[in-house]
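Trainee: Provided below for reference: sequence and predicted model.
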Amino acid sequence: MVGMSGKRGNGEGSIYPYRNGFAAYVWVDTPDGRRKRKYVYGPTRDVVHDKWIRLHGEAKKGPVATRHRTLDAFLTYWLDSIVKPNLAPLSYVSYEGSVRLYIAPHLGTKRLDKLTVRDVREWLTKLAGICQCCAQGKDAKRSAGRQRCCAAGECCEAFPSRRVIQAARDALRAALSHAVAEEEIGKNVASLVKVPKPRRRRIKPWSVAEAGHFLADGVARDDHLFAAWVLVLCLGLRRGEVLGLTWKSIDFETGELYVDHQIQRAGRQILHRETKTEESDDFLPLPALCLKALRMRRAQQTGDRKAAGSLWQDRHDLVFTTKYGTPIEPGNLTRMFALRARRAGLRAIPLRNTRHTCSSLLVALKVHPKIAQRILRHSQIAMTMEVYAEASEEEVRAAIGRLSEAMGGTG
């Protein structure tokens, strides 16, 4: 570094006394193509010299940022360059919402490398007491005649739930993990802040009798979604998986169903995409009740297709569609399930709880937990019960058959 004259070469920077210590700089090429000085500081000349050596090495490797980004700038980069290209669309929508509504308005102006554990803890404490109707201007966006709370001077105190606060912290933690991996910061301060876990309200699943009554009511009313309810209750399929089924995934001859796609709402889009994990993909045996319901559904859809004529728009050959062949909105399926339950005179349970209903039905029918794990496609046996056993194809078929018979599936 130092020549025979005792001077450093051009561009190698210099070390000099600065305030109560020392400073040094190196000429570097910035990411935007300009050439600037990059400074390092320390209490002693030796400390600064070591930093100067490392900085000089970085400058030789490629562009070096001379100013640390704000958290807002890094989050924008993270969403556009990391999350959007690599994660599921629903994950992007979730992270983007947390950043836009809860993180950027409060922490966005802070320098990424200066963000502290205290900053994160104070932000979460403050966030819990901020009315989101006021902060997001929800009531103010309504027409003057429809404003009823915050814009009218009466705060509705729509504070974020524990689940929202946890999601916001998790989004910040995920972003800072990438900042650590890219060596922009030394530690993830968000991971050091704990938040109370949201308590889940336990809902008693339907009994065998209640599930059977629900299906019987659907048959009596010629419900066009009867087959969907059968698959949900008999096989424990998730909402998106039911709506994402295609006719190609059903083999009526062998009596099997292949689950590998789902329908999801991501922002303003309805997507037909692969299931969440490979463990969720599986061939499931179809009992007589399911086969009969699916044949009924195929006949119904044939009638819908003829009635719609040129207006039919089914691009994916979906099993469950609107009367014009378009995918069913996932939220609409949830609402229709609640309506059918009330119509049948049953207590309301969330559609997602039908998986627990299926689990309870399998247990009530004395189905082995390992077989129930196969039917419900849980990735870990701990999600079902701590039982160790191997399930054969015949046992799986027999278990689903017993469940079908308990619901009146005679074929």
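Mentor: All right, it came through fine. Numbering: from 1, shown residues only.
Trainee: How are the strands of the stretch 151-300 of the chain distributed by residue range?
Mentor: Secondary structure of the stretch 151-300 of the chain, counting by DSSP state E, counting those that start in this stretch: strands at 250-251, 256-259, 261-266, 269-274, 282-285.
Trainee: who touches the first one?
Mentor: With Cβ atoms under 8 Å, 6 or more residues apart in numbering as the contact definition, strand 250-251 has outside contacts at 256-258, 286, 294, 319. Quick note: C-beta positions are derived from backbone N, CA and C, even for glycine.
Trainee: That strand pairs with which strands, and in what direction?
Mentor: If you go by DSSP bridges, strand 250-251 pairs up with strand 256-259 (antiparallel).
Trainee: Please apply the same query to the fourth one.
Mentor: The pairing partners recorded for strand 269-274 under DSSP bridges are strand 261-266 (antiparallel).
Trainee: same question, the last one
Mentor: Strand pairing for strand 282-285, using DSSP bridges, gives strand 256-259 (antiparallel).
Trainee: Restrict the partner strand to CA atoms and write it as CSV.
Mentor: Extracted in CSV, the C-alpha atoms of strand 256-259 (Å, rounded to 0.1, in the frame of the first residue of the first chain):
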residue,chain,number,x,y,z
GLU,A,256,-58.9,-41.5,-6.7
LEU,A,257,-58.4,-37.8,-6.3
TYR,A,258,-55.1,-35.9,-6.7
VAL,A,259,-54.8,-32.7,-4.7
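Trainee: And the average pLDDT for it is what?
Mentor: Here strand 256-259 scores 87 as its mean pLDDT.
Trainee: Pull out the buried positions in that strand.
Mentor: Going by neighbour count (16 or more other Cβ atoms under 10 Å), the buried part of strand 256-259 is 256-257, 259.
Trainee: residue contacts, residue 177?
Mentor: Shown in contact with residue 177 (Cβ under 8 Å, 6+ apart): 188, 191.
Trainee: Is residue 25 in a helix, a strand, or coil?
Mentor: At residue 25 the chain is in strand, as set by DSSP: H, G, I helix; E, B strand; the rest coil.
Trainee: Quick one: closest of the strands of the stretch 151-300 of the chain to residue 30.
Mentor: Minimum separation from residue 30 across those (Cβ to Cβ) falls at strand 261-266, 35.9 Å.
Trainee: Residues in contact with that closest one: which ones?
Mentor: Contacting residues not belonging to strand 261-266 are listed as 88-90, 92-93, 238, 240-241, 243-246, 249, 270-276, 318, 327-331 [Cβ under 8 Å, 6+ apart].
Trainee: could you redo the last one with a cut-off of 7 Å?
Mentor: The list of residues contacting strand 261-266 from outside it, by Cβ atoms under 7 Å, 6 or more residues apart in numbering, reads 89-90, 93, 240-241, 243-244, 246, 270-275, 327, 329-331.
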